[in-house]
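J.: Dropping a prediction and its sequence here:
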Amino acid sequence: MQTLIQRVTSASVTIEGSEYSSIGRGLLVFVCFELNDNEELIDKFINKISKFCFFEGDSSMIGLNLKEIEGELLVISQFTLAATTKKGNKASFHKAASPEKAESLYKNLLIKLDKSSLKWKSGKFGAQMDISLVNNGPVTFMFNF
């Protein structure tokens with residue numbers, strides 16, 4: 001499971017010309033499920049994202065987590081994070097989970113987020129989406145689980 005996480009002032013998803021979801025201050029999370037991923041990784045991800053410090057505190061140092069700033073998550077499935085790009089001029093996606101497995105894990109991620117204390121919204125699995133964001137910082141982290 002790979003994630004690309006951007007600290008944002010705001011972010012939104014548009015599908016077929018209509019806004020599908022949006023958040024204010026928080027994190028835009030692009031998530032990619034790979035061949036050997038399982039639900040255990042989802043639990044690790046939620047635990048990490050709940051506690052990891054992405055935001056500045058009083059001292060202007062990054063020391064606050066998502067809950068402490070009462071921020072939101074916008075979770076987007078993005079299989080292209082599994083791309084292998086070392087050889088040639090075309091990406092290979094052989095490390096990505098099958099669409100069926102990835103969709104199942106994505107749905108489980110959303111179910112587990114519902115059970116967490118995090119405020120979140122999502123994109124639509126498999127849809128062509130336009131993502132808008134205001135990256136705050138910029139602050140961007142990659143996490144591999």
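T.: Nice, thanks for sending it over. Numbers count the residues shown, from 1 in each chain.
J.: which other helices and strands contact the biggest helix by length in the chain?
T.: With secondary structure taken from DSSP state H, the chain has its longest helix at helix 99-115. Where contact means 3 or more CB pairs under 8 Å, 6 or more residues apart in numbering; DSSP states H and E, helix 99-115 is packed against strand 26-32, helix 39-51, strand 72-77, strand 119-122. No exception for glycine: its C-beta is placed from N, CA and C like everyone else's.
J.: what's the angle between that helix and helix 39-51?
T.: Here helix 99-115 runs at 40 degrees with respect to helix 39-51, directions being taken by axes from the mean of the first three to the mean of the last three CA atoms, to 10 degrees.
J.: got the CA coordinates for helix 99-115 in PDB?
T.: Presented in PDB, the C-alpha positions along helix 99-115 are these (Å, rounded to 0.1, in the frame of the first residue of the first chain):
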ATOM      1  CA  PRO A  99      -9.100  -3.600  -9.900                       C
ATOM      2  CA  GLU A 100     -11.400  -6.000  -8.000                       C
ATOM      3  CA  LYS A 101      -8.900  -6.400  -5.100                       C
ATOM      4  CA  ALA A 102      -8.100  -2.700  -5.000                       C
ATOM      5  CA  GLU A 103     -11.800  -1.700  -5.000                       C
ATOM      6  CA  SER A 104     -12.500  -4.200  -2.100                       C
ATOM      7  CA  LEU A 105      -9.600  -2.800  -0.100                       C
ATOM      8  CA  TYR A 106     -10.600   0.800  -0.900                       C
ATOM      9  CA  LYS A 107     -14.100   0.100   0.300                       C
ATOM     10  CA  ASN A 108     -12.700  -1.500   3.500                       C
ATOM     11  CA  LEU A 109     -10.500   1.600   4.000                       C
ATOM     12  CA  LEU A 110     -13.600   3.800   3.900                       C
ATOM     13  CA  ILE A 111     -15.600   1.500   6.300                       C
ATOM     14  CA  LYS A 112     -12.700   1.600   8.700                       C
ATOM     15  CA  LEU A 113     -12.400   5.400   8.400                       C
ATOM     16  CA  ASP A 114     -16.100   5.500   9.300                       C
ATOM     17  CA  LYS A 115     -15.400   3.700  12.500                       C
END
